[in-house]
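In: structure for the following, please:
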Amino acid sequence: FLPVFGPKPFLIAGSTLAAVGLGWQALISADSSYVGGVLGPMLIFGFGMGLNFVTLTLTAVSGVAQHEAGAASGLLNAMQQVGGSIGLAILTTVFGTASKDEAEKQVPDFLTNGSPEQKAEFAQTHQLPAPWSHDVLAQGISAAFIPAAAMAVLALATAWLVIRVRKSDLEALSGSAGPGMG
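Out: Got it, this is the predicted structure:
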């Protein structure tokens, strides 16, 4: 389908679906169900990323000579790894900070409303019992998915405004029987 429609519609659709899935994931709470809070958003995100990965690879190698396609593909892979590492570091920092901030709110509530048995266990383990710990975890996850969704929106803007590969650029690849092109 790429030589028929070109890469732009697939990149726009994939980035949109990824942003929607991540944005939906940012709405998770301690009361969210698995289907509505995890499975649904991850299916949408996964479908969007599936559209993006193959399309990005073919787009990256479309403008290079065939004997340089391996190097171009390797460079794309390396940049995806670097970008993923930086993105994960950012999201982990957001998660940790939001979780810490939420824990600082939950501990006084726990000390006021927790049972004597829960408080005795907390004194030994220094771990908040459920439901307080669930609120801390959900807040951290929710906060981390907000910048993740923003990154997907940035990818959408990039696909919309920057990608200039035409259908004819990909048609040249179809003769080389590349992945998804034969």
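In: name the element the most centrally placed residue in the chain belongs to?
Out: By Cα atoms, centre = their mean, the chain has its centre lying nearest to residue 148, at 5.4 Å. Element membership of residue 148, judged by DSSP states H and E, is helix 132-161.
In: in that helix, what's buried?
Out: 132-133, 135-149, 151-153, 155-156, 159 (16 or more other Cβ atoms under 10 Å). Bear in mind the C-beta positions are built from the backbone N, C-alpha and C, glycine included.
In: quick one: the residue sitting furthest away from the middle of the chain from residue 123, how far?
Out: Distance from the C-alpha centroid of the chain, by Cα atoms, centre = their mean, peaks at residue 116 (41.0 Å). Distance check for residue 116 against residue 123: by Cβ to Cβ, to the nearest Å, it reads 11 Å.
In: and residue 87, by the same measure?
Out: Separation of residue 87 from residue 123 (Cβ to Cβ) stands at 38 Å.
In: and those two? Which one has more around it.
Out: The residue with more neighbours, out of residue 87 and residue 123, is residue 87; 13 against 8, by other Cβ atoms under 10 Å.
In: excluding chain neighbours, what is closest to the more buried one?
Out: residue 151 (6.2 Å; Cβ to Cβ, 6 or more residues apart in numbering).
In: so what pLDDT did the one you found get?
Out: Here the pLDDT value assigned to residue 151 is 97.
In: what's the distance between residue 147 and residue 67?
Out: 40 Å.
In: whoops, residue 99 was the one
Out: 50 Å.
In: those two: who's more crowded?
Out: residue 99 (20 against 7).
In: so the more buried one: helix, strand or coil?
Out: Using DSSP: H, G, I helix; E, B strand; the rest coil, the structure places residue 99 in helix.
In: that one contacts residue 139, doesn't it?
Out: Yes. Taking contacts as Cβ atoms under 8 Å, residue 99 lies within contact range of residue 139: 6.6 Å.
In: now do the helices in the protein.
Out: Ranges of helices in the chain, per DSSP state H, are 2-5, 7-25, 34, 40-62, 69-113, 116-125, 132-161, 167-174.
In: tell me what the longest one is packed against?
Out: Think helix 69-113. helix 40-62, helix 116-125, helix 132-161 (3 or more Cβ pairs under 8 Å, 6 or more residues apart in numbering; DSSP states H and E).
In: residue 105 is nearest to which of those helices?
Out: Residue 105 lies closest, by Cβ to Cβ, to one member of the helices and strands packed on helix 69-113: helix 132-161, at 8.6 Å.
In: helices or strands up against the closest one?
Out: Using 3+ Cβ pairs under 8 Å, 6+ apart, helix 132-161 sits against helix 7-25, helix 69-113.
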